[in-house]
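Participant: Can you look at this prediction? I've put the sequence above it.
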Amino acid sequence: QKEVEQNSGPLSVPEGAIASLNCTYSDRGSQSFFWYRQYSGKSPELIMFIYSNGDKEDGRFTAQLNKASQYVSLLIRDSQPSDSATYLCAPSSGGSYIPTFGRGTSLIVHP
Amino acid sequence: DAGVIQSPRHEVTEMGQEVTLRCKPISGHNSLFWYRQTMMRGLELLIYFNNNVPIDDSGMPEDRFSAKMPNASFSTLKIQPSEPRDSAVYFCASSSLVTRGNEQFFGPGTRLTVL
């Protein structure tokens, strides 16, 4: 059973702050790690993926991966109210590359 | 590109009725996924196809659920008979290939309510 754990939140941060979203996973065979953003009432959309240990930066977003600890995180710098959404962590195992989704962390960025 | 198209967007039906959800993937994508999302269970993969062939249907909850992909541009998910616990948002997603780092593009979803 592949498990993906995320704090459901809500995580509330002030505008301009750094939001830190965390995820742990049980499948040691996981090789690719996706972060999807889902606005209320909308469908998920990919914002980041990472498959090497360390950090990957894309604009205001940084994904961090530590395979030894089975931990992946997403940092959002200079958080904006438009970042308010649910963030889904989705590791995929090496054999299938099919992601297993966590239940997501709700982020609220207040002005 | 129009993106992944799903129909209907909303469906309200009574218990015991047959429900058919439809999906048109992005042109050129050869992998298609059906997901179900509920508050209790989150986003669950039901089944996925590669090149119109079902690869893994282990997520299909019961025999009441069936999915087909008769061609590269169309797929259906059928529930017969429907039950109130099937109420959820059903997403279809497509990707160009199931490879490391490959992005899935989600449709807008079908919100199903079974009374």
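Facilitator: Structure's in. What do you need?

Participant: Near chain B, which residues of chain A are found?
Facilitator: A:31-32, A:34, A:42-46, A:49, A:51, A:88, A:92, A:94, A:96-104 (CB under 8 Å from any CB of the partner chain). (Glycine included, C-beta is placed from N, CA and C.)

Participant: which among these end up buried?
Facilitator: The neighbour count (16 or more other CB atoms under 10 Å in any protein chain shown) marks A:31-32, A:34, A:43-44, A:46, A:49, A:51, A:88, A:92, A:97-104 as buried among the residues of chain A next to chain B.

Participant: partner residues bridging residue 90?
Facilitator: Just so you know, I chose chain A. Beta-bridge pairing for A:Ala90 (DSSP bridges): A:Phe34.

Participant: could you do chain B instead?
Facilitator: For B:Tyr90, the beta-bridge partners are B:Arg36, B:Thr110 (DSSP bridges).

Participant: per-residue confidence at it?
Facilitator: Note for B:Tyr90: predicted pLDDT of 98.

Participant: about what we covered before: quick one: which of the buried ones among the residues of chain A next to chain B sit in strands?
Facilitator: Within those, residues falling in strands by DSSP state E are A:Gln31, A:Ser32, A:Phe34, A:Leu46, A:Phe49, A:Leu88, A:Ser92.

Participant: check contacts around the fifth one.
Facilitator: Remark: with contacts taken as CB atoms under 8 Å, 6 or more residues apart in numbering or on different chains, A:Phe49 is in contact with A:Ser32, A:Phe33, A:Phe34, A:Trp35, A:Ala63, B:Gly101, B:Glu103.

Participant: same thing with the third one?
Facilitator: Residues near A:Phe34 by CB under 8 Å, 6+ apart: A:Leu46, A:Met48, A:Phe49, A:Cys89, A:Ala90, A:Pro91, A:Ser92, A:Pro99, B:Glu103.

Participant: So for it, what's the pLDDT?
Facilitator: A:Phe34 carries a pLDDT value of 93.

Participant: Just to check, A:Thr100 is in contact with A:Gln6?
Facilitator: No: the criterion here is CB atoms under 8 Å, and A:Thr100 misses it with A:Gln6 at 11.8 Å.

Participant: any idea how far B:Phe91 is from the spatially most central residue of chain B?
Facilitator: Residue closest to the average C-alpha location in chain B (CA atoms, centre = their mean): B:Trp34, at 3.0 Å. For B:Trp34, the distance to B:Phe91 equals 7 Å [CB to CB, to the nearest Å].

Participant: list residues touching both of the two?
Facilitator: By CB under 8 Å, 6+ apart, B:Trp34 and B:Phe91 have no common neighbours.

Participant: Show me what B:His10 is bridged to.
Facilitator: Using DSSP bridges, the beta-bridge partners of B:His10 come out as B:Arg111.

Participant: Now for residue 105: which residues touch it?
Facilitator: Picking chain A for this. A:Gln6, A:Asn7, A:Ser8, A:Gly9, A:Pro10, A:Leu11, A:Leu21, A:Asn22, A:Thr86, A:Tyr87.

Participant: meant chain B actually
Facilitator: If you count contacts by CB under 8 Å, 6+ apart, B:Phe105 has them with B:Gly3, B:Val4, B:Ile26, B:His29, B:Ala93, B:Ser94, B:Ser95.
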